[in-house]
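Student: Just the structure for this:
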Amino acid sequence: MTDPLANLHPVVADLLRRGMADARAGERDYARRAFEQALALDPECSEAMLWLAAVAPDGETSLHYLARSLEINPGDPRAHAGIRWARKRLKPQPRGNTQPSPSLARRQTDETQPSPRADRTASTISCSDKKGPILTESIVPSGRIT
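Tutor: Predicted structure coming up:
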């Protein structure tokens, strides 16, 4: 196997070596800075992108760098393996629409607002199921639940 740093500018190669050493030592922030500096000097450096994907804080960021690396070197098996790895890092997205419908959101907001008559009357809140009442509470004008 050939050295992936052999054809790079010596400064870029040195930054990558330093970043790799930092990454292997668990110093992800230092590693990220070294790889970002290498990428600033050589925006087409797929090696820097691969390593940035490896030390990225989340799967989305990893995928971003891996996709850029594949644009430059589409046949790189390390980038393809990285894509599979990064997809596993993604947090599962909830299925369906998790946002309440606008009318439900409006009702929820309206229900949290005090009634204009709350200072003058008492209200009773009841909850029940098939077996009968579960909870019955009275709200008195002072706002206390009894």
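Student: Stretch 13-21: which residues count as buried?
Tutor: With burial defined by 16 or more other CB atoms under 10 Å, the residues of stretch 13-21 counted as buried are 13, 15-16, 18-20. The C-beta positions use only the backbone N, C-alpha and C, and glycine is treated the same way.
Student: Let's have the residues you listed in TSV, adding distance to residue 81 and secondary structure.
Tutor: Formatted as TSV, those follow (distance: CB to CB, whole Å; DSSP: H, G, I helix; E, B strand; the rest coil):
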residue	distance to residue 81	secondary structure
13	23	helix
15	23	helix
16	19	helix
18	24	helix
19	19	helix
20	17	helix
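Student: any idea which of these is closest to residue 27?
Tutor: Residue 27 lies nearest to residue 19 out of those, by CB to CB, at 9.3 Å.
Student: what sits against that closest one?
Tutor: Listed by CB atoms under 8 Å, 6 or more residues apart in numbering, the contact set of residue 19 reads 30-35, 38, 48, 51, 55.
Student: Could you find the closest non-adjacent residue to it?
Tutor: Nearest non-adjacent residue to residue 19, counting by CB to CB, 6 or more residues apart in numbering: residue 34, 3.3 Å away.
Student: Tell me how far the one you found lies from residue 49.
Tutor: 13 Å (CB to CB, to the nearest Å).
Student: Kindly report the same for residue 38.
Tutor: Applying CB to CB to residue 38 and residue 49 gives a distance of 10 Å.
Student: Equivalent analysis for residue 55, please.
Tutor: Distance of residue 55 to residue 49, given as CB to CB: 11 Å.
Student: Then residue 24?
Tutor: Relative to residue 49, residue 24 is positioned 18 Å away (CB to CB).
Student: likewise residue 3?
Tutor: 17 Å.
Student: Among those two, which residue is more densely surrounded?
Tutor: Here residue 3 and residue 49 are set side by side on neighbour count (other CB atoms under 10 Å), and the busier one is residue 49, at 27 against 8.
Student: In terms of helices and strands, where is that one?
Tutor: helix 46-55 (DSSP states H and E).
Student: Can you list the neighbours in contact with that helix?
Tutor: 4-5, 8, 12, 15-16, 19-20, 23, 28, 31-32, 35-36, 38-39, 42, 61-66, 68-69, 72-73, 76, 78-79, 82, 86.
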